[in-house]
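> Return atomic coordinates for the entry below.
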Amino acid sequence: MSESGGSYTYQTLVVDYSLLNEAADDIKALSPEIDKIKNAARSVGRGVVYQVPGASNSNNSELGPSGTLYMALGRFYESWATDMSNAMDALDKMAGYFKGVADSFMETDASQAAGLNMSSAMSAVLRYPAALDQWYKDKAATEAAGNTFTEPEPTAPASPYVLASGNNASTTFTTMTDANVPSDQKSTHATNVVFSSETTTVTVNGMTYSETTTFQADQGWGTHGSPVQNYTQVVNNPDGSTDTITVATDTNGNATMTDLNSSSNTTTTYTRADWNSSWVDTTPPDSSSNGDGSDALPAANY
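Next up, the predicted model:
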């Protein structure tokens with residue numbers, strides 16, 4: 001950061017959260033070694049046989065009898081035990097900071113990558129109903145003109161449908177037959193499919209973010225002209241916590257969404273009046289909410 005003419009110019013901040021995560025793991029790996037020193041020091045204080053860290057057996061015979069190098073090393077460890085313990089406590093705190101920053105950046109980055117990949121996969125799956133609509137229209141127009149329509153009917157998307165991206169994200173969708181197509185739409189949607197489940201995973205150097213969505217059956221087509229499905233989404237965050245998001249929507253687009261965060265054990269509630277309205281946080285004032293906002297917003301209107 002530099003000051004110029006009473007204003008500040010901030011340099012671009014670049015955070016490699018995978019390196020921070022690795023550093024946190026490396027620091028934690030030191031703890032057992034520090035414990036060896038502390039255990040040796042405690043043994044010296046009690047006047048019992050102890051294991052000098054790094055030795056191959058409990059008698060330490062290769063270091064000589066008690067009172068020589070064996071005892072000298074023991075006293076050395078005893079002298080440094082408190083300082084090493086304090087140092088480890090400080091390193092543990094540092095590891096916690098590193099891990100917290102890494103998890104936060106990973107979650108933000110991964111949720112965006114997951115959202116983009118999920119949207120791409122969703123678009124690929126949803127192209128089928130649109131293609132089927134167009135096929136029926138073309139067929140009707142061709143036959144109305146007295147001609148034979150030879151274009152093959154579009155093929156339903158594979159189930160499961162898998163899409164992997166270059167940003168370490170992988171999305172899998174499964175579909176099911178829409179059993180609730182309106183009677184006036186059956187001529188063009190007789191074989192319509194809707195979502196059954198969706199799973200997206202983002203993995204970066206051992207850190208993982210994943211979410212799984214389970215869709216209920218089509219409860220009827222909404223005023224927006226598409227099937228309406230309630231769903232539950234479970235988000236597994238890099239820090240080990242989960243967000244369980246439940247969305248219930250009626251055919252007019254009126255909806256309620258709840259987000260239960262396992263870390264804070266709090267529930268955030270959002271509501272929407274109709275298909276054209278925005279989601280509004282309606283969590284009661286007496287309920288604290290630490291749910292992850294970006295996770296708690298639906299990717300699409302179902």
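> Quick one: low-confidence residue ranges for the stretch 1-150 of the chain.
1-18, 37-75, 77-78, 80-81 (pLDDT under 70).
> which stretches of it form helices?
Along the stretch 1-150 of the chain, counting by DSSP state H, counting those that start in this stretch, helices occupy 17-46, 69-144.
> In CSV, list these along with mean neighbour count.
From N, CA and C alone the C-beta is placed, and that goes for glycine too. Putting the helices of the stretch 1-150 of the chain into CSV (neighbours: other C-beta atoms under 10 Å) gives the following:
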stretch, mean neighbour count
helix 17-46, 16
helix 69-144, 16
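> now the ones you listed as JSON lines including distance to Thr214?
Listed next are the helices of the stretch 1-150 of the chain as JSON lines, based on distance: least, C-beta to C-beta, whole Å:
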{"stretch": "helix 17-46", "distance to Thr214": "29"}
{"stretch": "helix 69-144", "distance to Thr214": "14"}
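> between those, which gets nearest to Thr266?
Nearest to Thr266 among the helices of the stretch 1-150 of the chain is helix 69-144; the distance by C-beta to C-beta comes to 17.1 Å.
> For the closest one, which helices and strands make contact with it?
helix 17-46, strand 161-164, strand 169-177, helix 186-189, strand 193-204, strand 207-215 (3 or more C-beta pairs under 8 Å, 6 or more residues apart in numbering; DSSP states H and E).
> Indicate each strand paired with the fifth one and its parallel or antiparallel sense.
Strand pairing for strand 193-204, determined by DSSP bridges: strand 169-177 (antiparallel), strand 207-215 (antiparallel).
> Give the buried residues for the last one.
Right, the one you point to is strand 207-215. Residues Met207, Tyr209, Ser210, Glu211, Thr213, Phe215 are the ones in strand 207-215 that count as buried (16 or more other C-beta atoms under 10 Å).
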